[in-house]
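Peer 1: Give me a model of this one.
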Amino acid sequence: MEREVAEIYANSLITVQVLQKIEGESWSYKSWWPTLSTNLPEPLAFQEDITSPQGRDNLVAELQKRLLHIEVVSVILRFLYPQHFGIMSPPGTNLLALPTSSDHVKCYTDYISLLEKLADYYGENRIADVDMGLWAAAHLLLDTKYRAAAEEMRNDEYFQEIRLRNLLGDFGGPSRQTHRYQVLFAKALLQMDYSVAALVAARYYEFAVRQMHRCLKLPQPSPPPSQSRTGAMVDQLKKDSRLDSMGVDRKRLVKWWETRRQAVHEDYSVTEEKAKQFVNEMETLMRTLSRWQQQ
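Peer 2: Below you'll find the model as predicted:
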């Protein structure tokens, strides 16, 4: 298909004949995508530098404006410029855990950026080849004949880092500014790594201590060198009966401090059971403080 398209493609001029060739019977295009060659009655002339990121982004945006179907746009560009583009389809984007977006152009250009990173890291010259590798991997992942290859992919640290970054994406959104996301993140991490979950929950606990200290207008402590300022605040809070009316158990407050120390410092080790309890109780504390602030 690449050779057939190359024979009729005049550089920088995308014609209806090019689209019709891609939509032809040489491969399974019609099994997956609609016929959109009729949406391009006039040739699309493109003069920008396709080797530049901005030039590629502009071309994607212009084609999307004409065809209104980003997957078809990706198919066309993959065959016109296999060096720089690949096909965006669920097998590949799901394998990379690429976040969805209502901005289809950005979604595709983000996908291409990921393919470029993978190409650079693994020494591939063409983005289309990386895309085909992802597509094949996605389809063969559950095939027992390829169990060893699948395990190698799961153990590939760079590939898993890419996936994890995409999974997190814009996790928390605006709530990241309110520390609420730390509790949500800790809950999500429990099944993966309970010690890291406890560490993230400890960050929320520290925030909650400062918040309660500020709301009760307690004086700023002057801790000795052996004690942290947050620890000194805990000592002040545990003596303040006003916490009872807030619905905060002062004895639990002290126990949470001990769990926080176990989670944060290497000299201590938090158990899985204690980590789960700590994360769940931080969620309860978060809701308690939220209700108290609304009163």
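Peer 1: I'd assumed Arg252 was in contact with Glu281.
Peer 2: Yes - counting by CB atoms under 8 Å, Arg252 is a contact partner of Glu281 at 6.9 Å. For the C-beta atoms, the positions are set from N, CA and C on the backbone; glycine is no exception.
Peer 1: quick one, which of those two is more surrounded?
Peer 2: Taking neighbours as other CB atoms under 10 Å, Glu281 and Arg252 compare with Glu281 leading, 17 against 13.
Peer 1: For the stretch 101-250 of the chain, which segments are assigned as helices?
Peer 2: 104-122, 127-140, 147-154, 157-168, 180-189, 194-215, 229-237, 242-246, 250-264 (DSSP state H, counting those that start in this stretch).
Peer 1: Need the residues that contact the shortest one.
Peer 2: So that's helix 242-246. 212, 216, 237, 250, 253, 288-289, 292 (CB atoms under 8 Å, 6 or more residues apart in numbering).
Peer 1: need those residues in a markdown table with neighbour count, can you?
Peer 2: Shown next, in a markdown table, are those (neighbours: other CB atoms under 10 Å):
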| residue | neighbour count |
| --- | --- |
| Met212 | 23 |
| Leu216 | 13 |
| Leu237 | 20 |
| Arg250 | 15 |
| Leu253 | 18 |
| Thr288 | 15 |
| Leu289 | 18 |
| Trp292 | 16 |
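Peer 1: what pLDDT does Asp170 get?
Peer 2: The model reports Asp170 with a pLDDT of 67.
Peer 1: okay, and for the protein, where does confidence drop off?
Peer 2: Counting by pLDDT under 70, the chain contains low-confidence ranges at 11, 170-178, 267-268, 295.
Peer 1: Select, out of the helices of the stretch 101-250 of the chain, the one closest to Val5.
Peer 2: Smallest distance to Val5 across the helices of the stretch 101-250 of the chain (CB to CB): 11.9 Å, for helix 127-140.
Peer 1: That closest one versus helix 104-122: what angle between them?
Peer 2: Here the directions of helix 127-140 and helix 104-122 differ by 90 degrees (axes from the mean of the first three to the mean of the last three CA atoms, to 10 degrees).
Peer 1: buried set for helix 127-140?
Peer 2: 127-135, 137-138 (16 or more other CB atoms under 10 Å).
Peer 1: From these, pick the one nearest Lys145.
Peer 2: Nearest to Lys145 among the buried residues of helix 127-140, with distances taken as CB to CB, is Ala137, at 13.3 Å.
Peer 1: separation between that closest one and Asp131?
Peer 2: 11 Å (CB to CB, to the nearest Å).
Peer 1: Please apply the same query to Tyr181.
Peer 2: From Tyr181 to Asp131 the distance is 33 Å (CB to CB).
Peer 1: Including distance to Glu48, could the helices of the stretch 101-250 of the chain go into TSV?
Peer 2: As requested, the helices of the stretch 101-250 of the chain are exported to TSV (distance: least, CB to CB, whole Å):
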stretch	distance to Glu48
helix 104-122	14
helix 127-140	18
helix 147-154	36
helix 157-168	28
helix 180-189	40
helix 194-215	45
helix 229-237	55
helix 242-246	61
helix 250-264	52
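Peer 1: Compare the ones you listed and report which one is nearest to Pro90.
Peer 2: helix 127-140 (8.3 Å).
Peer 1: What is the distance between the closest one and the centre of its chain?
Peer 2: 20 Å (CA atoms, centre = their mean, to the nearest Å).
Peer 1: how about the CA coordinates for it, as PDB?
Peer 2: This file holds the C-alpha atoms of helix 127-140, laid out as PDB (Å, rounded to 0.1, in the frame of the first residue of the first chain):
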ATOM      1  CA  ILE A 127       6.900   6.200  13.300                       C
ATOM      2  CA  ALA A 128       4.700   3.900  11.200                       C
ATOM      3  CA  ASP A 129       6.900   0.900  12.200                       C
ATOM      4  CA  VAL A 130       6.500   1.700  15.900                       C
ATOM      5  CA  ASP A 131       2.700   2.000  15.500                       C
ATOM      6  CA  MET A 132       2.600  -1.400  13.700                       C
ATOM      7  CA  GLY A 133       4.600  -2.900  16.500                       C
ATOM      8  CA  LEU A 134       2.100  -1.600  19.100                       C
ATOM      9  CA  TRP A 135      -0.800  -2.800  17.100                       C
ATOM     10  CA  ALA A 136       0.600  -6.300  16.800                       C
ATOM     11  CA  ALA A 137       1.600  -6.400  20.500                       C
ATOM     12  CA  ALA A 138      -2.000  -5.300  21.500                       C
ATOM     13  CA  HIS A 139      -3.500  -8.200  19.500                       C
ATOM     14  CA  LEU A 140      -1.000 -10.800  20.500                       C
END
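Peer 1: Sounds good, over and out.
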